[in-house]
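Q: predicted coordinates and the sequence they were generated for:
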Amino acid sequence: MSDSPYIFDISGAANFEQLVIENSFHKPVLVDFWAEWCAPCKALMPMLAKITEDYAGELLLAKVNCDIEQDIVMRFGIRSLPTVVLFKDGQPVDGFAGAQPEAAIREMLKPHVAEPAPAAADPMESAQALFAEGRFAETEALLKQVLTENNENGAALILYARCLAERGELGEAEVVLDAVKGDEHKQALAGAKAQLTFLRQAADLPEVATLKSRLAQNAEDDEAVYQLAVQQLARQQYEAALEGLLKLFVRNRSYGDGLPHKTLLQVFDLLGGDHPLVTTYRRKLYQAIY
């Protein structure tokens with residue numbers, strides 16, 4: 001007997017009536033006529049099981065051992081093995097004899113079996129994708145639903161705070177981040193707090209055009225380099241900011257009591273360890289240090 005709720009062995013005519021005929025009024029039932037001595041049967045069986053599982057309840061699979069269930073074999077005139085018959089609404093509607101490729105079996109089933117409902121998307125994955133696309137209002141709406149179900153969901157709280165920060169609600173974002181408990185999301189929390197820091201700093205700094213003008217006059221104006229990097233971070237121009245911070249670190253790593261190094265690490269937290277920019281600039285930073 002299979003562990004799957006969609007696959008079962010037939011034992012007797014009454015069992016066949018119940019599990020195949022009656023069930024087929026609700027879902028199509030694929031009946032696999034097989035025998036222990038039949039090598040092609042044993043090769044086909046796992047393929048049929050896989051196809052059935054893929055339909056996730058829209059198709060059932062009944063296995064009939066022909067050496068045991070002779071009455072059922074005679075009733076349906078089974079003459080060669082393997083033979084597979086599809087039942088629907090109490091009647092055989094399609095089938096095949098002999099080994100068949102998986103694609104052919106799936107093609108045979110298509111007109112008779114409904115496609116399984118698509119798996120529901122993970123709401124946090126959807127929210128993260130929306131956030132990455134800059135669709136902050138939609139991200140917030142989805143996160144509010146998540147937080148309605150569990151207002152202590154750390155990942156949702158952090159992403160919600162980042163949405164608030166993007167629209168300038170820095171105080172409210174900080175309150176949300178303070179509600180995150182435990183160390184499970186330590187790195188993401190540090191990154192979100194870094195984002196708030198950059199946004200607050202940027203609000204008090206000279207405009208980007210002013211900073212670029214200063215650098216055009218003096219490319220080694222360390223203050224202008226650092227302040228421009230912060231402005232770029234506030235605008236999510238991460239690559240430009242990382243490049244500026246790295247060059248400043250190489251030229252004057254002691255600037256602002258080690259600010260270039262500290263800020264680089266904050267950006268790594270903000271973007272997350274799997275981000276390609278983090279991989280690239282972490283390696284460059286390591287090379288610059290050693």
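A: Arrived safely.
Q: quick one, helices of the stretch 51-200 of the chain?
A: 70-75, 102-109, 123-132, 136-149, 154-166, 170-178, 186-203 (DSSP state H, counting those that start in this stretch).
Q: ok, which of those helices comes nearest residue 30?
A: helix 102-109 (7.6 Å; CB to CB). Bear in mind the C-beta positions are built from the backbone N, C-alpha and C, glycine included.
Q: quick check: mean pLDDT across that closest one?
A: Taken as a whole, helix 102-109 carries a mean pLDDT of 95.
Q: what do you get for stretch 281-288?
A: 94.
Q: now it: how far from the chain's centre is it?
A: Computed by CA atoms, centre = their mean, to the nearest Å, the chain-centroid distance of stretch 281-288 equals 30 Å.
Q: can I get it in CSV, CA atoms only?
A: Only the C-alpha atoms of stretch 281-288 are listed here, as CSV (Å, rounded to 0.1, in the frame of the first residue of the first chain):
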residue,chain,number,x,y,z
TYR,A,281,33.0,44.6,-2.4
ARG,A,282,33.6,42.3,0.5
ARG,A,283,36.4,40.7,-1.5
LYS,A,284,37.8,44.1,-2.6
LEU,A,285,37.7,45.3,1.0
TYR,A,286,39.6,42.2,2.1
GLN,A,287,42.2,42.8,-0.5
ALA,A,288,42.5,46.4,0.6
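Q: identify the residues contacting that stretch?
A: 242, 246, 249, 250, 261, 264, 267, 268 (CB atoms under 8 Å, 6 or more residues apart in numbering).
Q: that one: which residues count as buried?
A: Of the residues in stretch 281-288, 281, 282, 284, 285, 288 count as buried by neighbour count, 16 or more other CB atoms under 10 Å.
Q: about what we covered before: looking at the helices of the stretch 51-200 of the chain, which is closest to residue 22?
A: Across the helices of the stretch 51-200 of the chain, closest to residue 22 is helix 70-75 (CB to CB), at 15.0 Å.
Q: can I get the contacts of stretch 281-288 in JSON lines with neighbour count and pLDDT?
A: Output for these, formatted as JSON lines (neighbours: other CB atoms under 10 Å; pLDDT from 0 to 100):
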{"residue": "242", "neighbour count": "25", "pLDDT": "96"}
{"residue": "246", "neighbour count": "20", "pLDDT": "96"}
{"residue": "249", "neighbour count": "22", "pLDDT": "96"}
{"residue": "250", "neighbour count": "14", "pLDDT": "95"}
{"residue": "261", "neighbour count": "20", "pLDDT": "96"}
{"residue": "264", "neighbour count": "22", "pLDDT": "95"}
{"residue": "267", "neighbour count": "22", "pLDDT": "92"}
{"residue": "268", "neighbour count": "22", "pLDDT": "92"}
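Q: from the residues you listed, which is closest to residue 222?
A: Nearest to residue 222 among these, with distances taken as CB to CB, is residue 249, at 10.6 Å.
Q: for the closest one, what are its contacts?
A: Contacts of residue 249 (CB under 8 Å, 6+ apart): 260, 261, 264, 285, 288.
Q: got phi/psi on it?
A: Backbone torsions of residue 249, given as degrees, to the nearest 10, read phi -60, psi -40.
Q: what's the answer for residue 31, then?
A: Taking degrees, to the nearest 10 as the convention, residue 31 sits at phi -110, psi 120.
Q: my read: it touches residue 82, true?
A: No: Residue 31 is not in contact with residue 82 according to CB atoms under 8 Å; the separation is 10.7 Å.
Q: what about residue 193, neighbour count?
A: 21 (other CB atoms under 10 Å).
Q: how about it, nearest residue that isn't a chain neighbour?
A: For residue 193, ignoring the flanking residues on the chain, the nearest one in space by CB to CB, 6 or more residues apart in numbering is residue 177 at 6.1 Å.
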